[in-house]
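S.K.: I would like the atomic coordinates for the input below:
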Amino acid sequence: MRFLRHIAVVVALAVLAVGSTIVNAQSADLPDSAPIATIGAGSTVSVNADILLPANQGTIYLQAGSVTTWEQIDKKAPSCRLNAVESPVVRRLVPGRKLVITGTTQNNGSVFFYGDVLQFEEDATVSQFQCSPGHKGAMNIGELKQVFGGMFSLIQAPAVVGE
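M.R.: Numbering: from 1, shown residues only. Just a heads-up that it's a prediction; the model follows:
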């Protein structure tokens with residue numbers, strides 16, 4: 001009788017372990033409606049256009065596939081600001097360059113500009129994209145693609161099971 005109880009406990013633990021693995025899995029095929037915070041580390045942002053990063057200015061603003069200024073951004077539409085690592089010289093992001101995502105954060109649904117973040121902690125040029133959907137709630141992958149336009153492409157990492 002005791003043996004059957006032990007088997008039941010082992011089976012229950014196995015079901016919990018499999019269930020938690022499924023919950024923690026990240027897919028390479030996340031839908032455009034998924035929040036950007038679900039994009040897995042190891043995913044990349046590929047540069048498709050020549051982009052200048054000004055000297056001594058660590059931020060450029062992006063909206064609808066164009067570089068713009070803070071003053072010109074439509075605050076009710078998705079936008080991002082690219083935070084570059086400080087440098088006294090002008091630098092360039094060239095087509096084909098891949099920025100590896102090391103982490104993501106989400107703004108918890110408040111109306112806060114640039115609260116959703118793609119981090120590039122190990123990159124020598126770009127530290128992060130801080131993004132805003134232009135509405136309350138998290139920015140999703142489709143809105144990020146809208147901001148990127150043809151300038152950047154998101155390439156999601158292969159599926160990761162577990163942590």
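S.K.: ok, for the residue nearest the centre of the chain, nearest residue in space, not its chain neighbours?
M.R.: With distances taken as CA atoms, centre = their mean, Leu118 lies nearest the centre of the chain, 3.7 Å away. The shortest distance from Leu118 to any non-neighbouring residue, by CB to CB, 6 or more residues apart in numbering, is to Phe129 (4.4 Å). C-beta here means a position set from N, CA and C on the backbone, and glycine is covered the same way.
S.K.: I'd guessed that neighbour sits against Leu82; true?
M.R.: Yes: with contact defined as CB atoms under 8 Å, Phe129 reaches Leu82; the gap is 5.6 Å.
S.K.: Next, show the common contact partners of those two.
M.R.: Residues touching both Phe129 and Leu82 by CB atoms under 8 Å, 6 or more residues apart in numbering: none at all.
S.K.: got the residue ranges for the strands in the chain?
M.R.: All strands of the chain, identified by DSSP state E, fall at 44-47, 51-53, 59-63, 66-68, 79-84, 91-93, 98-100, 103-105, 116-119, 126-132, 152-155.
S.K.: chain center to the longest one, what's the gap?
M.R.: Put plainly, it is strand 126-132. Taking CA atoms, centre = their mean, to the nearest Å, one finds strand 126-132 lying 8 Å from the centre of the chain it belongs to.
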